[in-house]
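1. below is the sequence, then the predicted model.
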Amino acid sequence: MAESSSKTSVVGRLQAVKQSSGKSYNQISLETGLTNVYVAQLLRRQAQLKSDTARILRAALPELTEELMSEMMKPPFRSYDPNLIQEPAIYRLNEAVMHFGESIKEIINEEFGDGIMSAIDFYCSVDKVQGVDGKDRVVVTFDGKFLPHTEQKVEHMVSLVPRPME
């Protein structure tokens, strides 16, 4: 539980830095070359700030203290509050994935074979476009590496001690 309260405290301080900067996630994204969702992940301690990126993020958000930068460079405790599903925007995203999920899975299998999309080797962005009717539309892009399921052969398991054939 201490990890959770510590994370909550750091996230609150990171959000305060963003708020006081007056910058949007898109503005920070443009200044850093990171996706807008990744910037949000960093400021929510859902992603680890890499040393090569630290200088660029600090230039975009100069109020980030050494302590916060140090915290952001630690491997995060990735988590989510199960009550988040009650927030309408998150509920609708979940609903969309559940509604379209089987069709998306079928197309992935048809196009790539038996496998899944990585959520580790993964990019995500949220963009705003204007629809043909002139109304604003939300575009959420999930860009993940394809990970094929593998056939599990004993000879490929390096953890097994070689056994004599019977």
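-> On my side now, so go ahead. Since the structure is predicted, the reported quantities are computational estimates derived from the model, not experimental observations. Numbers count the residues shown, from 1 in each chain.
2. flag the shaky bits of this protein, pLDDT-wise.
-> Along the chain, segments meeting pLDDT under 70 span 1-5, 161-166.
3. what is the neighbour count of Ser21?
-> Summarising burial for Ser21: neighbours were counted as other CB atoms under 10 Å, giving 15. C-beta: built from backbone N, CA, C; applies to glycine.
4. distance-wise, check the nearest residue to it once chain neighbours are set aside relative to Gly115.
-> Leaving aside its chain neighbours, Ser21 sits nearest to Leu61 (5.5 Å; criterion: CB to CB, 6 or more residues apart in numbering). Distance of Leu61 to Gly115, given as CB to CB, to the nearest Å: 38 Å.
5. tell me which of these two has more neighbours.
-> Leu61 (22 against 14).
6. show me what the helix or strand containing Leu68 is packed up against.
-> For Leu68, the host element (DSSP states H and E) is helix 66-72. Applying 3 or more CB pairs under 8 Å, 6 or more residues apart in numbering; DSSP states H and E, one finds that helix 66-72 contacts helix 2-21, helix 51-60.
7. looking at these, which is nearest to Leu84?
-> Of all the helices and strands packed on helix 66-72, the one in closest proximity to Leu84, counting by CB to CB, is helix 2-21 (13.6 Å).
8. what comes up buried for that closest one?
-> 7, 10-11, 13-14, 17-18 (16 or more other CB atoms under 10 Å).
9. which one of these is nearest Glu71?
-> Closest approach to Glu71 among the buried residues of helix 2-21 (CB to CB): Val10, at 5.0 Å.
10. please report how far the closest residue to that closest one other than its chain neighbours lies from Ser29.
-> The shortest distance from Val10 to any non-neighbouring residue, by CB to CB, 6+ apart, is to Glu71 (5.0 Å). Counting by CB to CB, the gap from Glu71 to Ser29 is 21 Å.
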